[in-house]
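Visitor: how would this look folded up:
(one chain, ligands or ions: 1)
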Amino acid sequence: MLDLDTLWGEIKDGFQQKIAPTAFKTWIASAEPVKLTNNRLTIKLPSELHRDYWQRNLTQPLVELAYEYAQEDIQPVFIVADNTENSQVSTLEHPATASAPFSQSAKLNPKYTFDTFVIGKGNQMAHAAALVVSEEPGVMYNPLFFYGGVGLGKTHLMHAIGNKMLADDPNAKVKYVTSEAFTNDFITAIQSKTQDQFREEYRSVDLLLVDDIQFFADKEGTQEEFFHTFNDLHDDGKQIVLTSDRLPNEIPKLQDRLVSRFAWGLSVDITPPDLETRIAILRNKAEADNIAIPDETLSYIASRIDSNVRELEGALARVHAYSKLVHQPITTELVASSLKSLKLDRRSSELTIPLIQEKVAKYYHVSLTDLKGKKRIKTIVVPRQIAMYLSRELTDSSLPKIGNEFGGKDHTTVIHAYDKIADALKTDSDLQAEITNLKTEIER
Ligand SMILES: Nc1ncnc2c1ncn2[C@@H]1O[C@H](COP(=O)(O)OP(=O)(O)OP(=O)(O)O)[C@@H](O)[C@H]1O
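Guide: Presented below is the predicted three-dimensional model:
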């Protein structure tokens, strides 16, 4: 009589011999055997994307492995765990085309690989999609669109795709840009009349990675150019990967035709890591940087910092620096005092009103002059009030000083702005999220 656990154990062992560790971690370790009746093996998978991958690539090996062990024909049945409501899959297929030998132009961070990425609930699907795309670029999910809050690993995954593709084929042409760099390149091309070179550069790649495309908002000309770049690459079956802090249809002033094209592939969100994942990320990082730190102290840091991974890594680096400074090993007490004192130092010395103004202006796509000016248009007034609010929250500056920094406004204007935002924050969840994002950006 075949027993579920033993059979699954054998199948897992078999896969471990057959496929690479990253693939094993992504596809096999995340699968859960549920039952075995009449030689039908029910397997629960974390998402539809995982199910598609199993059906396409792993079913046959599974049947063979099961037969090797049990001498029986086992038929797998896949069910999907119910946690994929945020993802939109469309299965437009495009044949992959052979890549030409181009010179490499990617500026990828070599540390951002699949191996150094910790998989958790909030990023499991994004990670799996990234792996599929790196293995078969231009075939399944094109474009692949990652969205989510700051510092959650979107850029990391994007680079991991590029790094994997180059490891598999060093001649592949991979280009990584932020949307701002794309815009700047485009403007330079117009100014220097080198549009042809610009097009050649962007339309001859095998993989185009564009980070933070929310900054395309309002830039008509750039969007037009990007539309054509996108079409050319997509028509040629070249892979495009995009990231943004929100879904395409939530990006203000993003042309409808871009929004609809971005929906052709797969959009997948990344949500903040849970406690276990945060601890695992910290442990990996501590090991990679040779930092000796007890488990309970790792848990303490992970429980204190829950917003984003960049902050988590920053905290570990600060604690490490502090322990060297005071010549003491890292303990929970040391961490508590170092996080506290460093936070206070930072508050008084680095957080200035101009820094807050710069970040707020960038976030809402308004100019610094307008932010500090007198225009009464809503799209400028609200960011101005938010910048005043944050100046009062995050610095020790007096009301008159804040008013002064905003083009010589009266302190009553600052009080009014502060109250308005504080009031709206009680009920407006969008505003709450924006303020949280901004604080993270400012305190980064
Ligand atoms: N799951 C993870 N495992 C390991 N490291 C991670 C993970 N998620 C994020 N990181 C690390 O956190 C840092 C921030 O990640 P990243 O820059 O990719 O964030 P992002 O989502 O692109 O943020 P932004 O919107 O600000 O561009 C990086 O150093 C990255 O390596």
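Visitor: contact residues of the stretch 51-200 of the chain facing the ligand?
Guide: Contact residues, the stretch 51-200 of the chain versus the ligand (C-beta under 6 Å from any ligand atom): 112, 116-118, 123, 150-156. In this view, the C-beta of every residue, glycine as well, is placed from N, C-alpha and C.
Visitor: my guess is Ala315 meets Ser303, correct?
Guide: No. Ala315 lies out of contact with Ser303 (C-beta atoms under 8 Å); the separation is 11.4 Å.
Visitor: tell me which element Pro76 falls in.
Guide: According to DSSP states H and E, Pro76 maps onto strand 75-80.
Visitor: also Lys121?
Guide: Element membership of Lys121, judged by DSSP H and E, is empty: it is in no helix or strand.
Visitor: could you report the neighbour count for it?
Guide: 14 (other C-beta atoms under 10 Å).
Visitor: thought Phe159 was touching Phe114?
Guide: Wrong residue type there; residue 159 is His, not Phe. No. Taking contacts as C-beta under 8 Å, His159 lies outside contact range of Phe114: 10.1 Å.
Visitor: more neighbours: which of these two?
Guide: Taking other C-beta under 10 Å, His159 and Phe114 do not tie; His159 has more neighbours (25 against 22).
Visitor: how near is that one to Ser204?
Guide: Separation of His159 from Ser204 (C-beta to C-beta, to the nearest Å) stands at 20 Å.
Visitor: go on, Ala336?
Guide: Going from Ala336 to Ser204 by C-beta to C-beta gives 54 Å.
Visitor: what of Pro272?
Guide: According to C-beta to C-beta, Pro272 stands 38 Å off from Ser204.
Visitor: with Leu298 instead?
Guide: Distance, Leu298 to Ser204, using C-beta to C-beta: 46 Å.
Visitor: more neighbours: which of those two?
Guide: Remark: of Leu298 and Ser204, Leu298 carries more neighbours, 23 against 16, as counted by other C-beta under 10 Å.
Visitor: hang on, that one packs against Ile281?
Guide: No. Applying C-beta under 8 Å as the test, Leu298 and Ile281 come out as separate, 9.6 Å apart.
Visitor: who has more neighbours, Ala315 and Ser303?
Guide: For the pair Ala315 and Ser303, the greater number of neighbours falls to Ala315 (20 against 11), based on other C-beta under 10 Å.
Visitor: list phi and psi for Ser338.
Guide: Backbone torsions for Ser338, taken as degrees, to the nearest 10, come to phi -70, psi -40.
Visitor: what is the neighbour count of it?
Guide: Neighbours of Ser338 under the rule other C-beta under 10 Å: 21.
Visitor: show me where the stretch 51-200 of the chain dips below the pLDDT cut-off.
Guide: For the stretch 51-200 of the chain, the stretches flagged by pLDDT under 70 are 83-106.
Visitor: change it to 80
Guide: Filtered on pLDDT under 80, the stretch 51-200 of the chain yields the residue ranges 82-106.
Visitor: all strands for it, in order.
Guide: Here the stretch 51-200 of the chain has its strands, by DSSP state E, counting those that start in this stretch, at 75-80, 88-89, 144-148, 174-178.
Visitor: most tightly packed of those strands?
Guide: Greatest average neighbour count among the strands of the stretch 51-200 of the chain goes to strand 144-148 (a mean of 25), per mean count of other C-beta atoms under 10 Å.
Visitor: how much space between Glu250 and Tyr147?
Guide: To Tyr147, Glu250 is 9 Å away according to C-beta to C-beta.
Visitor: next one, pLDDT for Ile19 please.
Guide: pLDDT, Ile19: 89.
Visitor: burial measure for it, as a count.
Guide: By other C-beta under 10 Å, the residues close to Ile19 number 17.
Visitor: all further residue positions should be reported with the first residue as 238.
Guide: That works, and once the first residue is 238, the last one we named lands at Ile256.
Visitor: list the contacts for Leu394?
Guide: By C-beta atoms under 8 Å, 6 or more residues apart in numbering, Leu394 lies in contact with 349, 354, 360, 363-364, 367, 383, 507.
Visitor: rerun that using 7 Å as the cut-off
Guide: Leu394 makes contact with 354, 363-364, 367, 383 under the criterion C-beta atoms under 7 Å, 6 or more residues apart in numbering.
Visitor: helices - which of these land there?
Guide: Within those, residues falling in helices by DSSP state H are 363-364, 367.
Visitor: can I get those residues in JSON lines including neighbour count?
Guide: Putting the ones in helices among the contacts of Leu394 into JSON lines (neighbours: other C-beta atoms under 10 Å) gives the following:
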{"residue": "Ala363", "neighbour count": "29"}
{"residue": "His364", "neighbour count": "23"}
{"residue": "Ala367", "neighbour count": "28"}
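Visitor: now do the phi/psi pair for the residue in the stretch 388-537 of the chain positioned nearest to the ligand.
Guide: Closest to the ligand within the stretch 388-537 of the chain is Gly390: 2.8 Å, counting by C-beta to the nearest ligand atom. Dihedral angles of Gly390 (phi, psi; degrees, to the nearest 10) stand at phi 110, psi 10.
Visitor: tell me what the closest residue to Phe382 other than its chain neighbours is bridged to.
Guide: Closest residue to Phe382 apart from its sequence neighbours, by C-beta to C-beta, 6 or more residues apart in numbering: Ser504 at 4.3 Å. Bridge pairing for Ser504 (DSSP bridges) gives the partners Gln325, Phe382.
Visitor: what residues sit buried inside whichever strand or helix holds Gln460?
Guide: Counting by DSSP H and E, the element that carries Gln460 is helix 457-472. Buried positions in helix 457-472, judged by neighbour count with 16 or more other C-beta atoms under 10 Å: 459-460, 462-463, 466-467, 470-471.
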